[in-house]
Structure formats: C-alpha cells, structure tokens
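Undergrad: Sequence and predicted structure, then a few things I'm wondering about:
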Amino acid sequence: MKRTLTILFACLISITSFAQSDKNFFNHLSVGLNLGTPGFGLDVAMPANDHLQLRAGFATLTGSSANDVDVIGNYPTAIKRLFGEIGIPHEFEVDTKVNLTNVKVLVDVFPFKRSSFHFTTGIYFGSKKVLRVDVAESKAHVDNIVQANNNIEQFNQMTSMDYDKMGVAVGDYLLVPDQNGFLDATINAHKWKPYLGIGIGRSVPKNKRWGFMAELGSLFWHSPKVYCNGERLEKMGISQDADNILDFISSISAYPVLNFRLTFKAF
C-alpha cells in the first residue's frame, strides 16, 4: 500500500508540474454532481491543458439494512440445572450500517485530443470503518447471551470443562459480546484508497455549459478486516447465508466504482 501511494503521488506531482507550463492551466472551472457506487458527491474541476483535467471533491454512501443472525453455541442442560434457564432465541435481527465517506483528488488524462475517452487516477481519503453491525434494537437478547456466557465460564471453572461461549453469527464471523454486553463489530478498510479508472466525457466541458461523464474503475482499499470489540476476527466457516454483506465486503481488496457525473461549466 505505501509503495502504491508513493508511486501515485509521484505521478500526480509530475503531471501537475507539466501542466503548469501550459497556458490553459486553470483557465476554466466546472462543478459536478456525482452519483454512483462511491455514493452521492460534489466536486470541482479545472483543466491543466488539452490532455489533463484535475478534480477535487467528496463522495458519501450511507445506509442500513436489517439482517437476521443465528445464535451459535449451546447452553447445556447441566448448566441450566445449576444456574437456571435463560431465554435465548435461535435468531434475532441486527442492523448492518454502511458508511463510506471520502474526499478525493483525481486527474483525468485524455490521450486523444478530440475524444472524451480518458483514464483517471488519484486518491480517495476518508472512512476507515466502512461497515458496522448495530445490535441496539436487540440489546435484551445480547444481555441474555452475556448472562449465559458468564454462567458457562463459571461452570467451566468449577468442573474443568471447556464449553465454548455463545455468540451471534454474521456471515462466517462469530461475534461474542464482552462481559458488559458491549458488542461493536466493524469492517475496517484503509483510509487512503488509490483509484484507477476509465471513462467517457470531460470534467470541464468544451464549448458548452453542461456535460456528462461516466466512469468505471476500482478503489484499492487493501484487504478489509473484521473487528469485534477491537479484536480482529478470522472466518470460521459457520455461515449459512451465501449473500451476507460482511463476508462479501471483507473478501474484496478493490471496491468497484461505477460513477456518473453531471457537469456545469461556471467559466
């Protein structure tokens, strides 16, 4: 990742240095409204010359969805007899919240003077915790799991048994609350996300006020990691849901970008 950033910054500096020698450097400005997989965003753009245009702005993608999670583990009969029954459902609902918010600095490279086809490179910087599992609406169930785990731990100490603690399965990951009922599960990506893409359209339109851009590319956010209460988790092969978002996001090292931009040239 550090090597990629170093190379990318060197390219940006070289491009900017070259552009400053051109008489068209920063002689126009456009404002863009963006919508795509990075989210909703605004940016401004200025030309460096006939082949280079620079963009800077932000993009934000937020949302949540309700998901059923399975309770993994058991509360053995021997422990029930000693400590009593505890009402723990086989499954309950949690909220999965996405927060992908970044600022960006991009360079559009137009290899053909008369064509709007371009390559884009640059940097997105922002959200580290891109997804969070929220159990606030099911706190009573989590508290029951904590009580059961406390009883299991006491029973193990008394009998030298080794029963595993109970938890909730989100995809292939087992989330176990701490002794105070705290359960904070997140997917953490790299804050610095190099970007490479291709597209059509100009960030600063030629000879007109309005323009349109479409681009396809990738944000390289390294390999996202799953954490629960500050501890990194590994996959456990317990998932029965092939479409779980936690498994999907944690398995991709490059976030796919499909973005559309409506452009207005201010001057």
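TA: Structure's in. What do you need?

Undergrad: Where does the nearest residue to residue 201 once chain neighbours are set aside sit, in terms of helix or strand?
TA: The shortest distance from residue 201 to any non-neighbouring residue, by Cβ to Cβ, 6 or more residues apart in numbering, is to residue 213 (3.3 Å). (Each C-beta comes from the backbone N, C-alpha and C, glycine too.) Using DSSP states H and E, residue 213 maps to strand 210-220.

Undergrad: which residue sits closest to residue 122, ignoring its sequence neighbours?
TA: That would be residue 106: by Cβ to Cβ, 6+ apart, it lies 3.4 Å from residue 122.

Undergrad: Tell me, how many residues neighbour the one you found?
TA: 22 (other Cβ atoms under 10 Å).

Undergrad: and it, which of the three is it?
TA: Three-state call for residue 106 (DSSP: H, G, I helix; E, B strand; the rest coil): strand.

Undergrad: quick one: the helices in the stretch 1-150 of the chain?
TA: For the stretch 1-150 of the chain, the helices defined by DSSP state H, counting those that start in this stretch occupy 2-19, 77-83, 139-159.

Undergrad: Mind telling me which of these the model trusts least?
TA: Ranked by mean pLDDT, these bottom out at helix 2-19, with a mean of 51.

Undergrad: Low-confidence ranges, this protein, go.
TA: Within the chain, the ranges that satisfy pLDDT under 70 run 1-26, 239-243.

Undergrad: Tell me where the longest strand sits in it.
TA: If you go by DSSP state E, the chain has its longest strand at strand 52-72.

Undergrad: tell me what that strand is packed against?
TA: Under the contact definition 3 or more Cβ pairs under 8 Å, 6 or more residues apart in numbering; DSSP states H and E, strand 52-72 sits against helix 2-19, strand 30-36, strand 39-47, strand 91-109, strand 118-126, strand 167-170.

Undergrad: out of the ones you listed, nearest to residue 222?
TA: helix 2-19 (9.3 Å; Cβ to Cβ).
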